[in-house]
Structure formats: structure tokens, C-alpha cells
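In: Next come a sequence and a model predicted from it.
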Amino acid sequence: MKPFLGKNLLHQLAYNPKHKGLNDNERSKSVFSQVENCEDNFYIYLEIKNKKIVKAKFDGEGCAISLGSNEALLSTIENKSTSKAKEIINEYESFINGKIKMIDGELGLFKIVQKHESRIKCAASPINALREILQNE
């Protein structure tokens, strides 16, 4: 069995995230997200100005894959237009479900969940919350 080469990056994303913390800005939209049949739970916060995500944060607790996917996805969509963020979220969901083979950047790290079906829900933890925030944007 080959060693997982992204272990250090996953650890860095999960345990030294740049986007973790409360966002008490009243202009931010937030949604609570909990992974089904799991103790992983998060609040996701987006500050949106003129159809652009200017600040993205999350707070909560979970496994390394949940924490890492929140960090990687928020990092990827921050400073993007809301329409581009929606595209990225859809592409990421297709990727972790094995419908597409490659995705750019840190999100590509989560290819590991394709081999471990029980971990897909961990990697998908921010998807529905982000969609809920972005649905009217």
C-alpha cells in the first residue's frame, strides 16, 4: 500500500486553518452544518459584497477530513464571485463522488475519500451549508 503523500497538507489544513474562527460581523451570513451520523459540526460564515465573497470563515469541530475540507473549500472560494463559488462547489462535489478525475489546488487532496466511501460525507461537510448561503446570491 502506497503512503498517502498529502498527509502533511491535510494535517496543516485541518489543524492550522487560516479560515477557522467566529465571524461576528453582522453583514456575514451563517449556516450551521452537521455531518449525518457523526459528531462533526460547523458554522460557516460568508461575507458577501457586490456578489463577491470577501470573507469566509468556519468554526466547529470534526475529523481531519471535515476540518480540512472546510478550510480548503473556503480558501478556494474566498475572493471569488458567488457564481464562480457555486461552480467550484459543484465541481468539488463531483470530484469527491468520483464523477470527475481531477480538480485544481488543495481540493485535489480529497481524492483519498473516493476510495473510502464512508469518508465522502466528511469531505462534503461544507457543501450544503455553502449552497444554502449562496442560494439567493
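Out: Structure received.

In: Can I take it that residue 58 is in a strand?
Out: Yes - the assignment for residue 58 is a strand, going by DSSP: H, G, I helix; E, B strand; the rest coil.

In: how much space is there between it and residue 30?
Out: With distances taken as C-beta to C-beta, to the nearest Å, residue 58 is found 9 Å from residue 30. C-beta: built from backbone N, CA, C; applies to glycine.

In: what residues do those two have in common as contacts?
Out: 43-45 (C-beta atoms under 8 Å, 6 or more residues apart in numbering).

In: and these as CSV, adding distance to residue 8 and secondary structure?
Out: Converted to CSV, those look like this (distance: C-beta to C-beta, whole Å; DSSP: H, G, I helix; E, B strand; the rest coil):
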residue, distance to residue 8, secondary structure
43, 27, strand
44, 25, strand
45, 27, strand
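
In: between the residues you listed, which is closest to residue 18?
Out: Of all the shared contacts of residue 58 and residue 30, residue 45 has the smallest distance to residue 18: 13.8 Å, by C-beta to C-beta.

In: neighbour-wise, which of residue 58 and residue 30 wins?
Out: Between residue 58 and residue 30, residue 58 has the larger neighbour count (other C-beta atoms under 10 Å), namely 29 against 19.

In: avg pLDDT for the helix or strand harbouring residue 132?
Out: Using DSSP states H and E, residue 132 sits in helix 127-134. In this model, helix 127-134 carries a mean pLDDT of 96.

In: how about the helices in this protein?
Out: 7-15, 64-77, 82-96, 120-123, 127-134 (DSSP state H).
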